[in-house]
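S.K.: Please find the sequence and the predicted model below.
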Amino acid sequence: MGINVGQYVRGSRVTLTYMEGWPDGPLTDRSRRATLGGPVDGVLTQMRLVSASNLVATPKELTDAEAACFPCAGVTAWAALVDHCRVTAGDWVLVQGTGGVSLFALQFAKAMGALVAVISSSDEKLEVARRMGADHTLNYRETPDWSKAILDEIGPMQHVIEVGGGQTLEHSLRVVATAGNVALIGVLSGVKASLAVTSILMRGIKIHGVAVGSKRNMEDMFRAVAAHGIKPVIDRSFGFRDAESAYDHLRAATHLGKVVIEGFDG
């Protein structure tokens, strides 16, 4: 006999939201304090008790390993594009790098009909981005003044997915269009930046701090994933007992897309 837990029964495939207790609407301090892997213990565990209200049905099109890639990186990219930037077909979106958030942003933006420029320090990773639909790519190691190059080759970007932080934000503010959006998501290059705030003020640039997203964001994202056949890019998968090697691989920063730790195998 199945055990009913809200809308779920024993055997239901579900995915846990990243911030417990954030059903919809703006971020709150209460939700922020329920971030997995931060204030609240994460999911690298054999068993975990969670509230049914923090679960979302896993699309049948995804394996468990694939679904596990979405609650943080996928929802962050989705919320940035949909809730914060409000991307529409024909907009240009600049994506920094080829990590989990960045590749999801590329996939989602293309599904929305947007044009996407991707920058990376690796020609091999840029080739993958082109195969995934990127409309323009640029190696920022070869072209350090990448914002000027993008402006010269394409023009201003309506939206920028900013994951670099300190050393890239100035470039993002230069390349974004007047009244455009910068979704500030990561701080891979540092947490401090020297900025000319007059440019933000006089050009009406909107900077959005993106702290993942709500359960509603996740539900909407999964519907889009199923409708468009979107799959995560998984760089490498590790067994539960080899989790430390997975973290070492992540720290090496050579990965493309997501690094997965498979479920406990007993």
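M.R.: Yes, it's here.
S.K.: Kindly export stretch 44-60 (C-alpha atoms) in CSV.
M.R.: Extracted C-alpha coordinates of stretch 44-60, given in CSV (Å, rounded to 0.1, in the frame of the first residue of the first chain):
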residue,chain,number,x,y,z
LEU,A,44,25.2,14.5,0.7
THR,A,45,23.7,12.1,3.1
GLN,A,46,22.2,8.5,3.2
MET,A,47,18.8,9.7,4.5
ARG,A,48,17.1,13.0,5.0
LEU,A,49,13.8,14.0,6.4
VAL,A,50,12.2,16.9,4.4
SER,A,51,8.8,18.5,4.2
ALA,A,52,6.6,17.4,1.3
SER,A,53,6.0,21.1,0.6
ASN,A,54,9.6,21.5,-0.4
LEU,A,55,9.5,18.8,-3.1
VAL,A,56,8.8,19.0,-6.8
ALA,A,57,7.8,16.1,-9.0
THR,A,58,10.8,15.0,-11.1
PRO,A,59,10.0,15.1,-14.8
LYS,A,60,9.9,11.6,-16.3
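S.K.: Report the buried residues of that stretch.
M.R.: N54, L55, V56, T58, P59 (16 or more other CB atoms under 10 Å). Using the backbone N, CA and C atoms, a C-beta is placed for each residue, glycine as well.
S.K.: Kindly report the same for stretch 101-118.
M.R.: 101-112, 114-118.
S.K.: mean confidence score for that stretch?
M.R.: For stretch 101-118, mean pLDDT rounds to 98.
S.K.: Show me where this protein has its strands.
M.R.: Shown for the chain, the strands assigned by DSSP state E span residues 14-16, 55-57, 92-96, 115-120, 136-139, 157-162, 176-184, 206-209, 234-238, 258-261.
S.K.: Just send these back as a markdown table, with distance to V82 too.
M.R.: As requested, the strands of the chain are exported to a markdown table (distance: least, CB to CB, whole Å):
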| stretch | distance to V82 |
| --- | --- |
| strand 14-16 | 18 |
| strand 55-57 | 16 |
| strand 92-96 | 12 |
| strand 115-120 | 15 |
| strand 136-139 | 22 |
| strand 157-162 | 11 |
| strand 176-184 | 11 |
| strand 206-209 | 12 |
| strand 234-238 | 24 |
| strand 258-261 | 20 |
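S.K.: Tell me which of those sits nearest to P71.
M.R.: Among those, strand 14-16 comes nearest to P71, with 6.0 Å by CB to CB.
S.K.: now what about the closest one, what contacts it?
M.R.: Outside of strand 14-16, the residues within contact range by CB atoms under 8 Å, 6 or more residues apart in numbering are 8, 36, 43, 50, 54-58, 67-68, 70-71, 218, 222.
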